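A.B. asks: Okay, predicted coordinates and the sequence, questions at the end:
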Amino acid sequence: MKNKLYILLILLSVRLAALNGNATVSGFVYDKEDREGLAGATLVIKSLSLGVTTNANGYFAFASVKPGKYTLLISYIGYKTLSQQITVKSDEDLTLDIRLERMSYQTQEVVITADSVRLSDKLFEAPVSKIEMNSAQINSIPRVVEADLLRALQTIPGITALSDFSSALYVRGGTPDQNLFMVDGTDVYNPEHAFGIFSTFNTNAIKKVELSKGGFGAEYGGRLSSVLDVTNLDGSRTRLQGIATLSLLSASTTLQMPLGSIGSLSGSIRRTYLDQTFAKWNKDIPDYYFWDGNIKAFLDLNEANKLTISAFSGKDNLDFKMDKDKPSSMGFMYNWGNTTGSVNWRHIFSPKLFSNFWLTYSGFSSDFNFETVDFKEQNKMGDFTIKGALEYYAENNLNIRFGFEQKFAHGKLYQEWESGLADVTKRRYMSMGYVSGRYSPVPEWVIETGLRYSIFLSDKNYQNFEPRLSIKYRLDEFSTLKFAAGRYAQYVARIPRLFFASIWTTSDEYLKDAHSNHYIFSFSRELGEIYAFEAEAYYKTYDNLYQFNPLVQAEGHPSSYRNGKPLYESTEFLFNRGDGKSYGFELMLKKETGPVTGWVGYSLSRTEYVFDKLANRKTFVPRHDRTQVLNAVANINLTEARAEWNDEELDPKKNKWIIGANFVYSTGQPITTPGSVYYSNAMPDWQIIGHTGLVSPGYYLYPGELNDFRLPAYIRLDVSVTYEIPYEGWSLAPYLQVFNIGSRKNVWFINYESSTNQYGINTQTVKKINMLPLLPSIGVTAKF
Amino acid sequence: MKKLLTLLFLISAAVSTFVFQGCGDPEVSLNAVYQPKIAVQAFVYPGEKVKDIRIYRNFPLNTVTDSAKITVKNATVTLNGIPLVYSEATAAYGNNSILIEQGKQYTLEVSAVIDGQALTTRGTTTVPTGRFVLPVKNYGVVPYGEQGVPIKLIPGVITDFYAFSILPKVANLDNFIYNNLYNSRITRQKLMEEGLGNFIFQFKFLKDMLPSTTDTLVVPIKGFDTWFYSDYRVIVYAGDTNFKNFVLTAGSVKELDGNFHTPLMNLDGDGIGVFGSAIRDTAYFTIRNTP
């Protein structure tokens, strides 16, 4: 019924447009310097009270504009607002090619004039719970040695980290497997390097990152909690550009260049060199390195057709030996990595109908060989996907989006050990379609509804209808109220493994599809013309959460036997099933222009689980629950601040000092403590109490209530100093980063040590295992 | 300008606060609620009398414990309703009049007062049936090396779990294999500091074996199972489910990320530990430096 209504509205609007002589004004908004399409730019025809934003490709369309002369205002953060006169003629569509100029420092502070698009307009346009970041913002946040996208996102309220050693994102109580990672339209599995410490995203190659923390539209799905959509640089259309970074851990470079007059090419590569430096000098450091690289070609075939071909590959290699001097030493080899590729065809059927079609491949593989104990593992998974997303600008106040996706997924896990093997090979098919409409009956109201349908074919089939709703209401000139709700389904689950790549599995006979409902209220307000204030409250429910069952070794049974060895082929005993909910409240104050930029965020939240086989079905909080989190991120361009102080005009060629700071406070993580210690042994014949012969250590810990103890609060301050030296189109920026400058000993977990002396006196000691201490690092970034 | 000054002042103030907050070494005061428990380690074997039924108690964390005081000597212990008697010599409970039979179900009940609280627990085991064969009982002298000792086993017990307890007869700093295959950085000094326990007590297991198989299985005892030049004994257990669950879960309640989970145990009420049964046999070998 709803679909019929949409079709009727579309037909009606087309008919009306044809009758009144109105025309469509459409086009792309580009960066003037490199002709990258700018996603999220705001375009306003003030005299008609019409406003639109560019889509992910920089495309926009005013569906129906009366003939006449207008002033079109185009604005985008970090760029000069452009005021352009346009003339719309009767029944003659107008196509624009708009190029925005990047701001120089002295004009960064926004001065509100009649020609500006206000911050409050941008806040109104932004979808609920959506965060955008670009490469510069990610790189400006002080970090652990290496700039990292996921760690940068951990500074946003509502997103927490489990520890200093993990770049995984826990979004509003959701677990990392509930986040959908996409690079140029391609899903990415296990986007982690270095045992999860860093992510696979090379920040210098990123054009834009969009993170939806919840309540996302019908075009996204397949995960319960969030969507991280990364768009890499298309490449400069005007000249050769590059950036190179050298840090203590790695070297990387990104190059962009025009491909004649028809397109552009960009590529980046990064490699760590721990194996060639520290590991050679210190025998305790394992031989480890990773590399990754991506290449992207953009072909501007004509006004209506654009083609993008991109590929990414990355690999981690670890050769661990307990004793490097001994060839037969206990040790293992482990390598893992992702490979993705995509072809994206952008086609403009008409100014009102914009489309994107993708053909993608995403694959992850890992290979683990622990020869000493006769254990080896191969883990592979991947998918081929065909998908399309179309956007129809029916009327100025009505957009229709629809799309489809067909996924052919395959996965394989093979493990072999002395007395058994696991061999799981799966092929799965998922089909999905969606339609959504964005309707604005009056400028103060925007209503977006959508419906997503997906069917998942495995040894047991699942299907889901997922309705979505978003409502925005402009309270006054400065303030906006928003509401979003939706139902989300997920057909994959993950076995997280500390320091090892996660193993993914999909819904089947034993693993049901998971669901989540989101309800989000949001209030945003422009303060003092340059500060954006946002407050959001959310409530999420989860059905069919799956956590790895740590007792699987005892509880699991083989499905058959191969060569007399037990063969494990199903997920039957692998997971514990449960339900849960998360609720919370977030505040954020953000400033994106001027000599001082950054944000302060605060979140108050709680996540509760009930699992069938845990804690006697009593409610418990998971380890990633953090009651309160305070984040503060600041970047101060001292040179610019000084110029402003002295009311001077800043010379863009002048060297610049930039200071960065990142502070985080969070409630300590909940853990399960051992409630007591008792004497026992694995084998009945091992003596516990000293009589004669050999006496074993003989003590076991018996756990207390599940996650009922909170570790001390986590507090950390990072700072960075960058000295930027511009020189004739080049710039060189050496930097110093200090992670955890206070060297606070944040507790990672508690260790319990027990020792028994020769008289049988046992002493148990509770010992804190801390996270990273003060960690300075230096590096240099060169741009041209 | 005024705005900028205000902002810079606020940031300075915030950074100062953050630096102050971001220092230090936070205390962890564990408030884990200690609950007294009866800790049971009890196994019965078919064809054998009931002995070595060990009844201990648990202790709060971070305490100093005298292992001589961990045994609960005045507990009321019964097996299928027949009382077991405490022996000072073995620090365990037993009863010579009970002969364990294959396939029979046994219930252990324990009552004790610990820390002033009256506690009770109860567990049941069904003794496995059948028999397994170790075709070679003594493998003689085996030179230390990568080839290890291939223990042969012909299964025949109705169980899916075999455990191999590997124990040297003599283990001390003098007969430790310093020139081992795996790690040359284990020194005498290090062993003196850290003890030998992690090297002495070794075990392996076979799980989910095809119950009907009677093919000879070879279980290699490798170099990382034997760290001393010594005579060794390998006790092979064909255990019941309680035995399996305890061996596989009780000692690995700590996860890699430091958190804990509850193990599988078959004791109701206030008990922790295990009451299980197994069929057992023993093989021997000697590890020498040279053949």
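C.D. replies: Thanks, I have the structure now.

A.B. asks: now the stretch 51-200 of chain B, which segments are flagged as low pLDDT?
C.D. replies: For the stretch 51-200 of chain B, not a single residue meets the criterion pLDDT under 70.

A.B. asks: how many neighbours does residue 129 have?
C.D. replies: Since you didn't name a chain, this refers to chain A. 25 (other CB atoms under 10 Å in any protein chain shown). Any C-beta I mention is one placed from the backbone N, CA and C, and that applies to glycine too.

A.B. asks: that's the wrong chain, I meant chain B
C.D. replies: B:Thr129: 16 surrounding residues under other CB under 10 Å.

A.B. asks: Just list the residues touching it, thanks.
C.D. replies: Counting by CB atoms under 8 Å, 6 or more residues apart in numbering or on different chains, B:Thr129 makes contact with B:102-103, B:157-158.

A.B. asks: make it 7 Å
C.D. replies: B:102-103, B:158 (CB atoms under 7 Å, 6 or more residues apart in numbering or on different chains).

A.B. asks: Output those residues as JSON lines; include the columns distance to B:Val141.
C.D. replies: Putting the contacts of B:Thr129 into JSON lines (distance: CB to CB, whole Å) gives the following:
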{"residue": "B:Gln102", "distance to B:Val141": "35"}
{"residue": "B:Gly103", "distance to B:Val141": "39"}
{"residue": "B:Ile158", "distance to B:Val141": "36"}
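
A.B. asks: are any of those residues buried, and which?
C.D. replies: Using 16 or more other CB atoms under 10 Å in any protein chain shown as the burial test, the contacts of B:Thr129 include B:102, B:158 as buried.

A.B. asks: out of the contacts of B:Thr129, who's nearest chain A?
C.D. replies: Closest approach between the contacts of B:Thr129 and chain A, by CB to the nearest CB: B:Ile158, at 15.1 Å.

A.B. asks: Surely the closest one touches B:Thr126?
C.D. replies: No - applying CB atoms under 7 Å, one finds B:Ile158 not in contact with B:Thr126, separated by 9.9 Å.

A.B. asks: quick one on the thing from earlier: quick check, nearest of the contacts of B:Thr129 to B:Gly239?
C.D. replies: Nearest to B:Gly239 among the contacts of B:Thr129 is B:Ile158, at 11.6 Å by CB to CB.

A.B. asks: returning to that earlier point: possible to save the contacts of B:Thr129 as CSV with distance to A:Lys460 and secondary structure?
C.D. replies: Shown next, in CSV, are these (distance: CB to CB, whole Å; DSSP: H, G, I helix; E, B strand; the rest coil):
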residue, distance to A:Lys460, secondary structure
B:Gln102, 42, coil
B:Gly103, 39, coil
B:Ile158, 33, coil
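
A.B. asks: wait, what's in contact with residue 239?
C.D. replies: Using chain A here. Contacts of A:Arg239 by CB under 7 Å, 6+ apart are A:Pro258.

A.B. asks: Switch to chain B, please.
C.D. replies: B:159, B:161, B:163, B:276, B:278.

A.B. asks: Tell me what it is bridged to.
C.D. replies: B:Ala278 (DSSP bridges).

A.B. asks: residue ranges for the helices of chain B, please.
C.D. replies: Under the criterion DSSP state H, chain B carries helices at the ranges B:2-21, B:188-194, B:197-200, B:241-249.

A.B. asks: among these, which gets the worst mean confidence?
C.D. replies: Of all these, the minimum mean pLDDT falls on helix B:2-21 (a mean of 66).

A.B. asks: re the thing from before, could you single out the nearest of the contacts of B:Thr129 to A:Thr340?
C.D. replies: So of the contacts of B:Thr129, ranked by how close each gets to A:Thr340 (CB to CB), first place is B:Ile158, at 51.1 Å.

A.B. asks: got the phi/psi numbers for that closest one?
C.D. replies: The phi/psi pair for B:Ile158 (degrees, to the nearest 10) reads phi -80, psi 80.

A.B. asks: residues from the stretch 51-200 of chain B in reach of chain A?
C.D. replies: B:56, B:58-68, B:70, B:91, B:146, B:163, B:165, B:167, B:171, B:181-185, B:197, B:200 (CB under 7 Å from any CB of the partner chain).

A.B. asks: and those residues, which of them are in strands?
C.D. replies: B:56, B:64-66, B:163, B:165, B:167 (DSSP state E).

A.B. asks: which of these has the most neighbours?
C.D. replies: B:Tyr56 leads these on contacts (other CB under 10 Å) with 27 neighbours.

A.B. asks: Residue of chain B closest to chain A, please.
C.D. replies: B:Gly258 (2.5 Å).

A.B. asks: what about that residue, distance to A:Lys745?
C.D. replies: 15 Å (CB to CB, to the nearest Å).

A.B. asks: is it true that A:Ser264 touches A:Leu233?
C.D. replies: No - A:Ser264 is beyond contact range of A:Leu233, at 8.6 Å (criterion: CB under 7 Å).

A.B. asks: Mind telling me the two of the ones in strands among the residues of the stretch 51-200 of chain B next to chain A farthest from one another?
C.D. replies: Within those, two members stand farthest from each other by CB to CB: B:Val64 and B:Ala163, at 31.9 Å.

A.B. asks: Tell me where the stretch 351-500 of chain A has strands.
C.D. replies: A:353-370, A:375-395, A:398-417, A:420-439, A:445-457, A:462-474, A:479-490, A:492-497, A:500-506 (DSSP state E, counting those that start in this stretch).

A.B. asks: would you turn the ones you listed into a markdown table with mean neighbour count?
C.D. replies: Below are those laid out as a markdown table (neighbours: other CB atoms under 10 Å in any protein chain shown):
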| stretch | mean neighbour count |
| --- | --- |
| strand A:353-370 | 19 |
| strand A:375-395 | 19 |
| strand A:398-417 | 18 |
| strand A:420-439 | 18 |
| strand A:445-457 | 19 |
| strand A:462-474 | 18 |
| strand A:479-490 | 22 |
| strand A:492-497 | 20 |
| strand A:500-506 | 21 |
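
A.B. asks: Ramachandran angles for the residue nearest in space to the middle of chain B?
C.D. replies: Most central in chain B under CA atoms, centre = their mean is B:Gly251, positioned 5.4 Å from the mean C-alpha point. According to degrees, to the nearest 10, the main-chain angles of B:Gly251 amount to phi -90, psi 0.

A.B. asks: which residues sit in contact with it?
C.D. replies: Here B:Gly251 is in contact with A:682, A:700 (criterion: CB under 7 Å, 6+ apart).

A.B. asks: Find the nearest non-adjacent residue to residue 204, please.
C.D. replies: All of this is about chain A. Of all residues not flanking A:Asn204 in the chain, A:Thr254 sits nearest, at 4.2 Å (CB to CB, 6 or more residues apart in numbering or on different chains).

A.B. asks: um, chain B though
C.D. replies: Nearest-residue entry for B:Lys204: B:Phe164, 4.5 Å, with adjacent residues in sequence omitted and distances by CB to CB, 6+ apart.

A.B. asks: residues contacting the one you found?
C.D. replies: Neighbouring residues of B:Phe164 by CB under 7 Å, 6+ apart: B:151, B:203-205, B:219, B:234, B:236.

A.B. asks: Who is it paired with across the strands?
C.D. replies: Note on B:Phe164: beta-bridge partners B:Lys204, B:Val236, judged by DSSP bridges.

A.B. asks: same deal with A:Leu604?
C.D. replies: The partner residues for A:Leu604, given DSSP bridges, come to A:Phe585, A:Gln628.
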